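Enquirer: What follows is a protein structure lacking sequence information:
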């Protein structure tokens, strides 16, 4: 004789949510179980959206058109540079309540789509959102930056080394720059810019320099425990991959967390 056991509602929900978080494939299957389960699984399934290609963006937009409520469930949005400007603009206009945004499509025509955003963690190429005729010195007093605590710039050092006004970021605690030069001649200029940024921002707890070669002794002059240098090349894949689960990002990489405790850096 079979016995039907009815689980308590909260326990049933917890089981489904744990299963969905363990596997995205399982989450996709679980939404087919029952209508009530959808309300539990969809926020997990769409909490992180990673769009690598144009067709990914179009598929996502089609899903959101069929189920508009999903747009507000997206908390981490990653748009790769291989997604076209038009598709990126549509996605950005749809998901305006995200907490973490990595937008690697650089086009000044996307600025109106970004204006409503108030993200906490941001990764983008700021100079790519400026027209050629504009002064690309950023306005960090813009409300767009009001909630940002973690800011990762993918701009070339030639751009960010001239920027000022980081102290205008009201909640900033973490900044990351990319140093992609191969000449030792510019090390002193970059090191000076880093020192200036650290001195401007008393709220900063960590400034990361992702570098493409071994640094010179110019960086040894930065006597500040908040400064961390990390070789960029070995982390490109890991940085992208760590974003997938919605809980990790550049700042959660083991090397960066460990380097915060280090007292020495790899200088040439």
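Expert: Noted; the coordinates are in hand. The model shown is predicted, which means the values in this text are computed figures rather than measured ones. Residues are numbered from 1 along each chain as shown.

Enquirer: switch to C-alpha atoms for all contacts and neighbour counts from now on
Expert: Fine.

Enquirer: quick one: residue 96 from residue 145, how far?
Expert: According to C-alpha to C-alpha, to the nearest Å, residue 96 and residue 145 sit 14 Å apart.

Enquirer: Report the separation between residue 173 and residue 250.
Expert: 14 Å.

Enquirer: For those two, indicate the residue with more neighbours.
Expert: Shown here are residue 173 and residue 250; by other C-alpha atoms under 10 Å, residue 250 has more neighbours (22 against 17).

Enquirer: Just the local confidence number for the more buried one, please.
Expert: The per-residue pLDDT reported for residue 250 equals 70.

Enquirer: do the same with residue 133
Expert: 54.

Enquirer: Then residue 221?
Expert: So residue 221 comes in at 83 (pLDDT).

Enquirer: show me the contacts for it.
Expert: The contact partners of residue 221, by C-alpha atoms under 8 Å, 6 or more residues apart in numbering, come to residue 191.

Enquirer: For residue 78, what are phi and psi?
Expert: Main-chain dihedrals, residue 78, degrees, to the nearest 10: phi -120, psi 120.

Enquirer: That one: neighbour count?
Expert: Residue 78: 21 neighbours (other C-alpha under 10 Å).

Enquirer: Tell me how far it lies from residue 212.
Expert: Distance from residue 78 to residue 212, by C-alpha to C-alpha: 23 Å.

Enquirer: Strands along the stretch 51-200 of the chain, start to end?
Expert: Taking DSSP state E, counting those that start in this stretch to define them, one finds strands in the stretch 51-200 of the chain at 76-79, 100-103, 121-124, 150-153, 174-179.

Enquirer: Given the third one, what are its sheet partners and their directions?
Expert: I take that to be strand 121-124. strand 100-103 (parallel), strand 150-153 (parallel) (DSSP bridges).

Enquirer: Surely residue 78 touches residue 98?
Expert: No. The pair formed by residue 78 and residue 98 falls short of the contact definition of C-alpha atoms under 8 Å, at 10.3 Å.

Enquirer: Show me where the protein dips below the pLDDT cut-off.
Expert: Flagging of the chain using pLDDT under 70 yields the residue ranges 1-40, 131-136, 182, 233-249, 252-268.

Enquirer: Can you name the residues that contact residue 151?
Expert: 121-123, 172, 174-176.

Enquirer: hmm, try it at 10 Å
Expert: 101-102, 119-124, 145, 172-177, 207, 251 (C-alpha atoms under 10 Å, 6 or more residues apart in numbering).

Enquirer: Likewise for residue 109?
Expert: Residue 109 touches 85-86, 89, 129-131, counting by C-alpha under 10 Å, 6+ apart.

Enquirer: swap the cut-off to 8 Å and go again
Expert: Residue 109 touches residue 129, counting by C-alpha under 8 Å, 6+ apart.

Enquirer: Could I get the full set of helices for the stretch 1-150 of the chain?
Expert: 9-22, 24-30, 35-45, 54-66, 85-94, 111-114 (DSSP state H, counting those that start in this stretch).

Enquirer: same thing with the stretch 151-268 of the chain?
Expert: Going by DSSP H, counting those that start in this stretch, the stretch 151-268 of the chain shows helices at 157-160, 187-200, 236-242, 254-259.

Enquirer: For the first one, which helices and strands make contact with it?
Expert: Read it as helix 157-160. strand 174-179 (3 or more C-alpha pairs under 8 Å, 6 or more residues apart in numbering; DSSP states H and E).

Enquirer: which neighbours does the strand it packs on have in its sheet, and in what orientation?
Expert: strand 150-153 (parallel), strand 206-211 (parallel).

Enquirer: ok, how many other residues are close to residue 124?
Expert: Neighbour tally, residue 124, other C-alpha under 10 Å: 19.

Enquirer: ok, it touching residue 154?
Expert: Yes. Counting by C-alpha under 8 Å, residue 154 is a contact partner of residue 124 at 5.8 Å.

Enquirer: Need the strands paired with strand 121-124 in JSON lines (columns: distance to residue 46).
Expert: Output for these, formatted as JSON lines (distance: least, C-alpha to C-alpha, whole Å):
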{"stretch": "strand 100-103", "distance to residue 46": "13"}
{"stretch": "strand 150-153", "distance to residue 46": "22"}
